[in-house]
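Q: Any chance you can model this:
(chains A and B, ligands or ions: 6)
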Amino acid sequence: MSFMSKPTVRHPKLPVNDIGLTVRDYEGGMSTLCAGCGHDSVTGALVQAAFELSIPTHRFAKLSGIGCSSKTPAYFLRDSHGFNSTHGRMPSVATGANSANRDLYYIGVSGDGDSLSIGMGQFVHAIRRNINMLYLIENNGVYGLTKGQFSAAADKGSKAKKGETNLQPPIDPCQTAITLGATFVARGFSGDKDQLVPLLKAGMKHRGFGLIDIISPCVTFNDHEGSTKSYAYTREHFNLAIAANFVPPVEEITAKYEEGTSMPVKLHDGSTIVLRKIDQDFDPMDRISALRNLQENAEAGEVTTGLLYIDESQPEMHEVDNTTKTPLVDLDYSQVCPGNDTLQKIQSRYR
Amino acid sequence: MRPTDTSNPDYFHKVVDCQYACPAHTDVPGYIRLIAQGRFTDAYMLNRKANVFPGILGRVCDRPCEPACRRGRIEDNPVAICRLKRVAADNRDDISALLPKPGPGNGKKVALLGAGCASLAVANDLAPLGYELTIFEKLDVAGGLMRSNIPSFRLPVEVLDEEIQMILDMGAELKTGHPIESMKDLLEQDFDAVFVGTGAPRGKELNLPGRQEAAANVFIGIDWLESVAFEHTESIGKRVLIIGVGNTAMDCCRTSLRLGADEVKVMARKPRAFFKASDWELEDAEEENIDIIVNHSPKEFVVKNGKLTGMVFELMEYDVDNNGKITDQHVTGETTISCDDVILAIGQDNAFPWVENDIGIEFDKWEVPVVDEMTFQSTREGVFFGGDAAFGPKNIIWAVEHSHQAAISIHKYCQGEDINQRLPDGQTLDSAKMGIHEWSYSNTYDGSERTLVPHVSLTERFKQLDIEVELGFSPELAAEEVERCLNCDIQTVFTANLCIECDACVDVCPVDCLTITENGDEADLRTRLTAPAENLAQDLYVSAELPQTKRVMVKDEDVCVHCGLCAERCPTAAWDMQKFTLHHPHTRDEADTPPARDVA
Ligand SMILES: Cc1cc2nc3c(=O)[nH]c(=O)nc-3n(C[C@H](O)[C@H](O)[C@H](O)COP(=O)(O)OP(=O)(O)OC[C@H]3O[C@@H](n4cnc5c(N)ncnc54)[C@H](O)[C@@H]3O)c2cc1C
Ligand SMILES: Cc1ncc(C[n+]2csc(CCOP(=O)(O)OP(=O)(O)O)c2C)c(N)n1
Ligand code: SF4
Ligand code: SF4
Ligand code: SF4
Ligand SMILES: [Mg+2]
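A: Ligands and ions are numbered 1, 2, ... in the order given. Sure, this is the predicted structure:
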């Protein structure tokens, strides 16, 4: 953990985005995580993605649970809304916040412990409801904050720092999410920003629940030999299945697409995700194919990454529930609170 | 690109922009840190080792270090390096015990011609080694242009006297009032070597119509300043025109104000961007309400009834291209400006009427001697040149460095060694890490603006010619200014095989210096870095292949603020902050090192 803060001095020629901000304007406080933690790189990628999308910083809401990963919202988007909830409860808070204001960009940051152990029940229901948010699992295979116990994402056979072997099978959040009907499922690696930043941008712009499982090594407790979540192991077993490139609405898509290899997916705001198949057997628009391939690759010991599954056609929570299009803060008081007369009428129904 | 060779001291030296720009390679960040610790004496001695005259230079140095200072690339203003040097000189203790003592005689005699900074600096290097030195000076006092031309309101006489005396006390014999009138005669005396430090003593003439008739009221700048310094001239007319806009012009105009002029105009042929004077000299003159008039080219002196009444100027216009170069000029008209006196400050030339042309000392067509740029030896063995005498007018700090190099040559020559076989520059690197989050330097970035040096008020300063205008920083002001130094000598040193490519350093760097990417040639790499890398004068530091992905770490040195955050956030200490010390050899080092001998 660093005692000094990152000074505000910046490169004099730093580019600005469409709304006149530099990437530095999207940063947050100085990280207190261990030096070299994968989570810090995810933070860096988030800063970059938000900057590139030119979204005003106050249009974001950051939500998290408990864990090293869940601490990171303090380190990006210092001018955004935020809620650091209790362990595993971020999805509920996100659901509530999103219900009240559907116009913000919601970024949930969680860990493999936070989401796949204590918060598993919350996690799956957020998917089921298709809450319009980007949900990140910064996955290091351990409970980093509590000193490195195996998490539910630890691979069978992976070795802990002191030598013991994990004997239980892992939960793969991507497979789980696809099974439950998630509409955007991706996997990235904290050590590969070239891949991660476009995924984050696409995930922020996707309408509905977007999950990105990000392999994010814990340098302190899970970056040794024998670990299957180390920098070196991830790089060795990295298998890019579907590359994704995010194209904002104003830019024209000029590249030609080979039928069956590259495919543009239009998002609701007019932007496009261009998918490029690296693994020819993999169809990211077909749930069954995506699941089968994920399973097969996992059996073969590969870390399958990329935009694994996408479905832009499903309605998100507000559409299903037919709620008001206006955020509650923008409604008149009389509309939010219909008054005593109405209350009396409702109550009389139950007398 | 090939991995950067950091074993060559030039690489890290270049990162210390100020030290690299300083002709004498003064360890600027080193002495600034000493000042920060209140160690003024140590700061003075560190300076003195490289530049010999810290008190003088802390006031009047041409300061090539400041325009080079990295801080000036990050915000507008560099660190006030020069004025911090003065703080060390003003606040130091008695240093007589720390100065080199005259060495036991080694039986070699060296003649030093002229008692300006060049000869004095040679004496400084040779006296402690036991050379018998004789300085021959034409004038009655030592100091050269520092005494005769740099006005006392910029450089007090006591400061000059003290630093000259330090050198004379090391055992050099000073013969004042002793002009050398024949080099041939001198060479016939039994000196083992001769050093010529006689400067560039001839002020340039402006031969325009009326010059002869107006002679009584037209002065050559450097001669006029000298006669003011030696109190032969004590007044000047009310309206004075200074021709030229270099540093000499600035001293002439400000001196005129102090001798009774009240309307002084500095006449420049070209626009401001082409002025030769340093920005700070211009600022100081303008603070005293000097008019600087651009685009006026002198045409003739107007003389009525045998007396100068004014000057005619052509009004100029220039075509300037995109690179700021003048491509063409036009005369658009003419104007006459009346005046009582004119001072010509348009440059100096070398002049060696006393060097015979049949003694093997060659000159080029501009009468500048042919001198070797490394050894400072002339075309005659054993005769060396330095300072303004060597390559024409420069400044004090260049003269000092010439002298360090010439002294090495003189020493080697007198010892029968090859003067071309010299010790190369060396470096040491010491980790600055003191603990998990502790560094041996103040690494937090301080965003303060440049501290201004207080000046004597405009009502007070003209009362006497020798009132020093600048008051210098108080230790309190200095304490603020030192924190602006970025510690560029604390280098970021990279060890490729330790890197796990976690990106922590790349993300944390406040000025986006770092990138991990596929290798390429320099032009290509520069387009793929985290932040624009457009300053081609600043190097890219490229690592060997990284172990995991075979990419490379690239650092653009341009605006690194040496905050150490990359090293602080690196889990494997692949980045480390290391104090770079340059070893730029002086005569003492050569003398301590036995000469290389052929092994038979
Ligand atoms: C007006 C003015 C202002 C300047 N201001 C600055 C400044 O602020 N900062 C800066 O860094 N530089 C300044 N300079 C430049 C600086 O003064 C010179 O570059 C520097 O003094 C050169 O030193 P030197 O020892 O080579 O020669 P000089 O200082 O010229 O010394 C040469 C000495 O040799 C003597 N001499 C000459 N011929 C003979 C002879 N035949 N026999 C014996 N003795 C002889 C001369 O009398 C003189 O004392 C200024 C120059 C001028 C003219
Ligand atoms: C209710 C509750 N139970 C247990 C804990 C202890 N605890 C804190 S963080 C954590 C696990 C965090 O793991 P993960 O989400 O993977 O985050 P990481 O630190 O690995 O990023 C646990 C069990 C807690 N804070 N609250
Ligand atoms: S313990 Fe692990 S997860 Fe937590 S900050 Fe340190 S490296 Fe990151
Ligand atoms: S010291 Fe490191 S982190 Fe700081 S500016 Fe330089 S490269 Fe960047
Ligand atoms: S912080 Fe260290 S290990 Fe990580 S990328 Fe930078 S140099 Fe490599
Ligand atoms: Mg974890």
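Q: switch to C-alpha atoms for all contacts and neighbour counts from now on
A: Fine.
Q: B:Pro393 touches B:Arg202, doesn't it?
A: No - the pair B:Pro393 / B:Arg202 is not scored as a contact, 10.2 Å apart, by Cα atoms under 8 Å.
Q: between those two, which one's more packed in?
A: Ranked by neighbour count (other Cα atoms under 10 Å in any protein chain shown), B:Pro393 and B:Arg202 place B:Pro393 first, with 18 against 15.
Q: tell me the contacts of the more buried one?
A: B:199-200, B:348-350, B:387 (Cα atoms under 8 Å, 6 or more residues apart in numbering or on different chains).
Q: And these, which is closest to B:His178?
A: B:Gly199 (15.5 Å; Cα to Cα).
Q: Go through the contacts of B:Pro393 and say which is closest to ligand 3.
A: Among these, B:Gly387 lies closest to ligand 3 (Cα to the nearest ligand atom), at 59.2 Å.
Q: contacting residues for the residue of the stretch 401-550 of chain B found nearest ligand 6?
A: Nearest to ligand 6 in the stretch 401-550 of chain B, going by Cα to the ion, is B:Cys502, at a distance of 16.5 Å. For B:Cys502, the contacting residues are A:36-38, A:41, A:190-191, A:231, by Cα under 8 Å, 6+ apart.
Q: got the contact list for the residue nearest the centre of chain B?
A: Geometric centre of chain B, nearest residue: B:Ile397, 4.0 Å, by Cα atoms, centre = their mean. Contacts were defined as Cα under 8 Å, 6+ apart; by that measure B:Ile397 touches B:22-24, B:51, B:57, B:61-62.
Q: I'd like the residues you listed as a markdown table, with secondary structure and neighbour count appended.
A: A markdown table is the format used below for the contacts of B:Ile397 (DSSP: H, G, I helix; E, B strand; the rest coil; neighbours: other Cα atoms under 10 Å in any protein chain shown):
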| residue | secondary structure | neighbour count |
| --- | --- | --- |
| B:Cys22 | coil | 22 |
| B:Pro23 | coil | 20 |
| B:Ala24 | coil | 23 |
| B:Asn51 | helix | 25 |
| B:Leu57 | helix | 21 |
| B:Cys61 | coil | 18 |
| B:Asp62 | coil | 21 |
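Q: May I see those residues arranged in JSON lines, with pLDDT and distance to B:Ala432 as well?
A: Listed next are these as JSON lines, based on pLDDT from 0 to 100; distance: Cα to Cα, whole Å:
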{"residue": "B:Cys22", "pLDDT": "98", "distance to B:Ala432": "24"}
{"residue": "B:Pro23", "pLDDT": "98", "distance to B:Ala432": "27"}
{"residue": "B:Ala24", "pLDDT": "98", "distance to B:Ala432": "25"}
{"residue": "B:Asn51", "pLDDT": "97", "distance to B:Ala432": "26"}
{"residue": "B:Leu57", "pLDDT": "98", "distance to B:Ala432": "30"}
{"residue": "B:Cys61", "pLDDT": "97", "distance to B:Ala432": "31"}
{"residue": "B:Asp62", "pLDDT": "95", "distance to B:Ala432": "32"}
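Q: Closest one of these to ligand 6?
A: Once Cα to the ion is applied, the member of these that ends up nearest ligand 6 is B:Cys22, at 52.8 Å.
Q: Can you list phi and psi of that closest one for me?
A: Dihedral pair for B:Cys22: phi -70, psi 120, per degrees, to the nearest 10.
Q: Near the closest residue in space to it that isn't next to it in sequence, how many other residues are there?
A: Once flanking residues are discounted, B:Cys22 sits nearest to B:Cys65: 5.4 Å by Cα to Cα, 6 or more residues apart in numbering or on different chains. B:Cys65 has 25 neighbours, counted by other Cα under 10 Å.
Q: mind checking pLDDT for B:Cys65?
A: Note for B:Cys65: predicted pLDDT of 97.
Q: Near residue 297, how many other residues are there?
A: I'll assume chain A. Count around A:Asn297 with other Cα under 10 Å applied: 15.
Q: ah, I was thinking of chain B
A: With other Cα under 10 Å as criterion, B:Ser297 counts 20.
Q: Secondary structure element holding it?
A: strand B:296-304 (DSSP states H and E).
Q: List the buried residues in whatever helix or strand comes next after that strand.
A: Using DSSP H and E, the next helix or strand after strand B:296-304 towards the C-terminus is strand B:307-320. By 16 or more other Cα atoms under 10 Å in any protein chain shown, the buried positions in strand B:307-320 come out as B:308-317.
Q: for stretch B:168-180, same thing?
A: Buried residues in stretch B:168-180 (16+ other Cα under 10 Å): B:168-176, B:180.
Q: cool, and stretch B:37-45?
A: Across stretch B:37-45, burial judged by 16+ other Cα under 10 Å covers B:38-45.
Q: which residues sit against that stretch?
A: Contact partners of stretch B:37-45, identified using Cα under 8 Å, 6+ apart, comprise B:30-32, B:34-35, B:54, B:85, B:87-89, B:91-93, B:95.
Q: Just the buried ones from those residues, in PyMOL syntax?
A: Buried residues among the contacts of stretch B:37-45 (16+ other Cα under 10 Å), as a PyMOL selection:
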select buried, chain B and resi 30+31+32+34+35+54+85+87+88+89+91+92
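Q: got the contacts of stretch B:37-45 as a markdown table, with secondary structure and pLDDT columns?
A: A markdown table is the format used below for these (DSSP: H, G, I helix; E, B strand; the rest coil; pLDDT from 0 to 100):
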| residue | secondary structure | pLDDT |
| --- | --- | --- |
| B:Gly30 | helix | 97 |
| B:Tyr31 | helix | 98 |
| B:Ile32 | helix | 98 |
| B:Leu34 | helix | 97 |
| B:Ile35 | helix | 97 |
| B:Pro54 | helix | 98 |
| B:Lys85 | helix | 97 |
| B:Val87 | helix | 97 |
| B:Ala88 | helix | 97 |
| B:Ala89 | helix | 97 |
| B:Asn91 | helix | 97 |
| B:Arg92 | coil | 97 |
| B:Asp93 | coil | 97 |
| B:Ile95 | coil | 96 |
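Q: Nearest to ligand 6 among the contacts of stretch B:37-45?
A: Closest to ligand 6, out of all of the contacts of stretch B:37-45 and judged by Cα to the ion, is B:Gly30, at 45.0 Å.
Q: how near is that closest one to B:Thr492?
A: 16 Å (Cα to Cα, to the nearest Å).
Q: repeat for B:Val245
A: In terms of Cα to Cα, B:Val245 sits 42 Å off from B:Thr492.
Q: who's in contact with the residue in the stretch 251-351 of chain A that ligand 6 sits nearest to?
A: Taking Cα to the ion as the measure, the point where the stretch 251-351 of chain A comes nearest ligand 6 is A:Val303, at 16.8 Å. Contact analysis of A:Val303 by Cα under 8 Å, 6+ apart lists A:234, A:237-239, A:297.
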